[in-house]
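Participant: based on what follows, work out the 3D shape:
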Amino acid sequence: MALLIRNIKNIIDETISDYADNCNIISNWKEPLISVASADDLYFEKLKVIISNDHNTPEELLPGAKSVITYFLPFDDEIPKSNVSGREASLLWARSYIETNRLISIINQNLQQVIEAAGYNSAAPAATDNFSKEDLISYWSHKHVAWIAGLGRFGLHKMLITEAGSAGRIGSLVVDFELPVNKRPVQELCLYYKDGSCKECIKSCVFGALKENSFNRHLCYSILKENAAKYNSKADVCGKCTVGVPCAIL
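Facilitator: Model (predicted):
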């Protein structure tokens with residue numbers, strides 16, 4: 001078991017390195033962050049109230065679930081910087097979204113191979129597109145799961161802010177063996193929630209979907225679809241609220 005725990009970080013690092021070297025990609029990432037939650041954490045049940053009754057628990061994804069592994073792949077600084085100006089998402093931001101989602105899938109596949117070889121089981125929810133197209137509610141919210149695991153805290157822009165910032169992608173994996181659990185941070189990383197000094201993410205949302213006390217997810221999604229039509233059907237992105245702001249890169 002100890003060997004398996006040590007291997008998780010190594011597998012993620014090696015997968016990123018191989019992916020960058022062997023694939024025709026333009027994305028780069030900083031050091032990944034990893035955090036673990038107990039599958040029995042009561043907040044998983046609370047997500048059925050906070051998000052939707054259709055939101056899965058770890059046990060629903062994997063009978064006998066014991067732990068949930070979450071990880072954050074922070075974008076290299078140039079990726080969020082490329083997306084600051086203009087109404088539409090930058091090409092680099094759109095490409096990085098697609099390439100990182102693919103990377104998360106490969107990381108999970110590699111982790112699952114090692115887990116299976118060790119005699120355990122796992123479930124790996126998709127990195128994206130796992131939500132209802134009608135009400136835009138996720139069946140497995142990686143950012144909420146990562147919050148439960150202590151990977152970061154939410155900001156005013158509804159995104160998770162980690163020790164490496166908020167510009168990046170989150171992956172997760174449910175397993176049927178116990179791992180050491182991380183504590184949830186108590187210090188606010190969002191300056192608005194910390195002392196009310198920042199609302200830059202609201203200013204960055206040029207479409208008006210994000211307000212101080214509300215979020216219009218349907219308006220936001222309409223912008224994502226515009227970018228998907230421009231770049232690629234899988235590039236339903238925007239990210240304006242997470243770039244050019246203090247919490248983008250920490």
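
Participant: could you use CA atoms for every contact and neighbour count after this?
Facilitator: Fine.

Participant: shaky segments in this protein?
Facilitator: For the chain, the stretches flagged by pLDDT under 70 are 1-5, 129-136.

Participant: just the element for the nearest residue to Cys198 once chain neighbours are set aside, please.
Facilitator: Excluding the flanking residues, the one nearest Cys198 by C-alpha to C-alpha, 6 or more residues apart in numbering is Tyr192, at 4.8 Å. Here Tyr192, judged by DSSP states H and E, is contained in helix 191-195.

Participant: the residue nearest to Cys198: what's it in contact with?
Facilitator: Neighbouring residues of Tyr192 by C-alpha atoms under 8 Å, 6 or more residues apart in numbering: 155-156, 198-199.

Participant: run through the bridge partners of the residue nearest in space to the middle of the chain.
Facilitator: Nearest to the centroid of the C-alpha atoms of the chain, with distances taken as C-alpha atoms, centre = their mean, sits Ile170, at 2.5 Å. Assessed by DSSP bridges, Ile170 has beta-bridge partners Phe72.

Participant: any idea how far the most far-flung residue of the chain relative to its centre is from Arg6?
Facilitator: In the chain, the residue that sits farthest from the middle, by C-alpha atoms, centre = their mean, is Gly119; the gap is 27.7 Å. Per C-alpha to C-alpha, to the nearest Å, Gly119 is found 16 Å from Arg6.

Participant: A helix includes Ile104, no?
Facilitator: Yes - looking at Ile104 with DSSP: H, G, I helix; E, B strand; the rest coil, it is inside a helix.

Participant: so what's the residue nearest to it when sequence neighbours are not counted up against?
Facilitator: In space, Ile104 comes closest to Gly171 once its chain neighbours are excluded; the distance is 6.0 Å by C-alpha to C-alpha, 6+ apart. The contact partners of Gly171, by C-alpha under 8 Å, 6+ apart, come to 70-72, 104, 127, 142.

Participant: with distance to Gly239 as extra columns, can I get the residues you listed in a markdown table?
Facilitator: Output for the contacts of Gly171, formatted as a markdown table (distance: C-alpha to C-alpha, whole Å):
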| residue | distance to Gly239 |
| --- | --- |
| Thr70 | 21 |
| Tyr71 | 19 |
| Phe72 | 16 |
| Ile104 | 19 |
| Ala127 | 16 |
| His142 | 16 |
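
Participant: can you classify Ile11 by secondary structure?
Facilitator: State at Ile11, reduced to three classes by three-state DSSP: helix.

Participant: isn't it right up against Ile107?
Facilitator: Yes - counting by C-alpha atoms under 8 Å, Ile11 does reach Ile107; the two are 7.4 Å apart.
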